[in-house]
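Peer 1: okay, sequence plus prediction incoming.
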Amino acid sequence: MIEIKNLEKSFKTSYGTITALKDINLTVNDGEIFGIIGLSGAGKSTLVRCINLLERPTKGEVVLDGKSLTTLKKKELLKVRQSIGMIFQGFNLLEQRNVLKNVCYPLEIAGVKKADAEKKAKELIEMVGLSDRLLSYPSQLSGGQKQRVAIARALATDPKYILCDEATSALDPNTTQSILELLKQINKTMGVTIVVITHEMKVIEQICDRVAVIDKSQIAESGKVSTVFANPKSDIAKELILPKSKTDAHITGKKSIRLVFDGEKSRRSIIADMILSTQVPVNIMYADTKDIDGTAYGHMLLELPDDEVQSGKIFAYLDTNGIAYEKEV
Ligand SMILES: Nc1ncnc2c1ncn2[C@@H]1O[C@H](COP(=O)(O)OP(=O)(O)OP(=O)(O)O)[C@@H](O)[C@H]1O
């Protein structure tokens, strides 16, 4: 389990002190995939680098399986770091080494015999689907293949945790999908706990169990992905999750509402039933449904008639039927 307690990180620069993280409190449970999402500059990379103490927190602590990392001596910290694999947006492979030697590298550092290291590396390379590229160099691989090598390398020392810093941000949508599936498979079959840092909502919705939304150096909200998606509370979560066309609806000056569907309700024909029952026409401005762990979640933006009586019928219908909505104007 990773516990981040009252963590703060500031950088002293020639133009003043920059606070990158403020009062961060988070717990990542064993076996889960935990997402941290935020806009550029929110503090995501600093946070992930504080987890393995590549950055030393200015205040607060990081507790890994009950051990406070900030109090560890250098040697102990290096040992703990072997239980934390890391993958990056830019892959960070050694260009002068082939695939096999890249994956062997952390094992060499850990003092594993060459034959044992190669055996282990080959197993991992097979698991990530690159057995036929053992002797290829990074420059001969695609971005997705490079990330697969980086994943195999991160797994070489049997880490309990993997930290992914924008691991799919440099990849096209199909490759992103296949890398996310690989991470999910590693989580399920090897029981590795994964922390995913991203600015992309689709990464969170596809593989994460829980999510923390970070904004301006602080956690704006956190919780189960389905809960945060169904009912984002903070402005930043709304901005990241809700449709962009919401802004357009404001410009029209008409009455609009946002319906929030949970997994169960999204399967009912709510809009058709509502229109038939109230005889009030509505305009669907935007609809977006997501599949999170096999359950559908969604948002729909509806424009209602300006007439108070007509729109009142819609509100009454939604209230009576227990359908969550927010008034947008
Ligand atoms: N070594 C450093 N020295 C000074 N300021 C830093 C340093 N590292 C990060 N910062 C500042 O801390 C803040 C958070 O940066 P960070 O890289 O963690 O954000 P991020 O959410 O990962 O952004 P991005 O998605 O663009 O990488 C930024 O204002 C950044 O300029």
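Peer 2: That came through, no problem. The structure displayed is predicted, hence computed values, not measured ones. Numbering: from 1, shown residues only.

Peer 1: C-alpha only now, for contacts and for neighbours.
Peer 2: OK.

Peer 1: and the helices in the stretch 1-150 of the chain?
Peer 2: 44-51, 74-81, 99-109, 114-127, 143-155 (DSSP state H, counting those that start in this stretch).

Peer 1: how many neighbours does the closest residue to residue 136 other than its chain neighbours have?
Peer 2: For residue 136, ignoring the flanking residues on the chain, the nearest one in space by C-alpha to C-alpha, 6 or more residues apart in numbering is residue 98 at 5.3 Å. Neighbour count of residue 98, defined by other C-alpha atoms under 10 Å: 20.

Peer 1: who in the chain is up against the ligand?
Peer 2: Neighbours of the ligand within the chain, by C-alpha under 6 Å from any ligand atom: 11, 18, 20, 39, 40, 41, 42, 43, 44, 45, 46.

Peer 1: what's the first one in contact with, if anything?
Peer 2: It refers to residue 11. For residue 11, the contacting residues are 17, 18, 19, 20, by C-alpha atoms under 8 Å, 6 or more residues apart in numbering.

Peer 1: hmm, back to that, now the residue nearest to residue 136: how far from residue 20?
Peer 2: From residue 98 across to residue 20, the span is 37 Å (C-alpha to C-alpha, to the nearest Å).

Peer 1: wait, the residue nearest to residue 136 sits on residue 135?
Peer 2: Yes - using C-alpha atoms under 8 Å, residue 98 is in contact with residue 135, at 5.3 Å.

Peer 1: find residues that contact each of those two.
Peer 2: Counting by C-alpha under 8 Å, 6+ apart, residue 98 and residue 135 have no common neighbour.

Peer 1: looking at the stretch 201-329 of the chain, which residue is nearest the ligand?
Peer 2: residue 217 (6.9 Å; C-alpha to the nearest ligand atom).

Peer 1: next, count neighbours for the closest residue in space to that residue that isn't next to it in sequence.
Peer 2: Counting by C-alpha to C-alpha, 6+ apart, the nearest residue to residue 217 once its immediate chain neighbours are dropped is residue 21, at 4.3 Å. Neighbour count of residue 21, defined by other C-alpha under 10 Å: 27.

Peer 1: with residue 133 instead?
Peer 2: Residue 133: 17 surrounding residues under other C-alpha under 10 Å.

Peer 1: contacting residues for it?
Peer 2: residue 99.

Peer 1: all helices of the stretch 151-300 of the chain, in order?
Peer 2: Going by DSSP H, counting those that start in this stretch, the stretch 151-300 of the chain shows helices at 173-190, 201-207, 225-230, 235-241, 245-252, 270-278.

Peer 1: which of those sits most buried?
Peer 2: Greatest average neighbour count among the helices of the stretch 151-300 of the chain goes to helix 225-230 (a mean of 21), per mean count of other C-alpha atoms under 10 Å.

Peer 1: now that helix: average pLDDT?
Peer 2: Across helix 225-230, the average pLDDT comes to 85.

Peer 1: and the contacts of that helix?
Peer 2: Against helix 225-230 from outside (C-alpha under 8 Å, 6+ apart): 204-205, 208-211, 222, 237, 241, 260-262, 292, 297-299.

Peer 1: for that helix, list the C-alpha coordinates in CSV.
Peer 2: Extracted in CSV, the C-alpha atoms of helix 225-230 (Å, rounded to 0.1, in the frame of the first residue of the first chain):
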residue,chain,number,x,y,z
VAL,A,225,-13.8,6.2,-11.3
SER,A,226,-17.5,5.4,-11.8
THR,A,227,-18.5,7.8,-8.9
VAL,A,228,-16.3,10.7,-10.1
PHE,A,229,-17.5,10.2,-13.6
ALA,A,230,-21.2,10.0,-12.7
